[in-house]
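K.L.:
would you be able to build a 3D model of this:
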Amino acid sequence: MKEARFKKTYSQGTMTVTEIWVDRNTGVNYLYHVNGYSGGLTPLLDREGKPIITTVYDE
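P.N.:
Sure, this is the predicted structure:
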């Protein structure tokens with residue numbers, strides 16, 4: 001089976017949810033936040049405005 005492109009690395013909350021997802025291909029981290037019927041997704045940036053990149057290791 002083909003692996004999913006994104007991996008959830010952090011999750012907080014139940015009704016108001018904040019998650020961090022990592023793109024397995026590029027390593028770019030994304031912040032996902034949802035509250036009720038609205039939500040948003042944005043790349044996480046460092047102080048210089050560059051995307052935060054991490055390596056995803058399979059467990």
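K.L.:
give me the nearest residue to Ala4, chain neighbours excluded.
P.N.:
Closest residue in space to Ala4, ignoring its immediate chain neighbours: Arg24 at 7.6 Å, by C-beta to C-beta, 6 or more residues apart in numbering. In short, each C-beta sits where N, CA and C put it, glycine included.
K.L.:
who touches the closest residue to Pro43 other than its chain neighbours in this structure?
P.N.:
Leaving aside its sequence neighbours, Pro43 sits nearest to Pro51 (C-beta to C-beta, 6+ apart; 4.8 Å). By C-beta atoms under 8 Å, 6 or more residues apart in numbering, Pro51 lies in contact with 28-29, 43-45.
K.L.:
most surrounded residue in those residues?
P.N.:
For the contacts of Pro51, counting by other C-beta atoms under 10 Å, the largest number of neighbours falls to Asn29: 20 neighbours.
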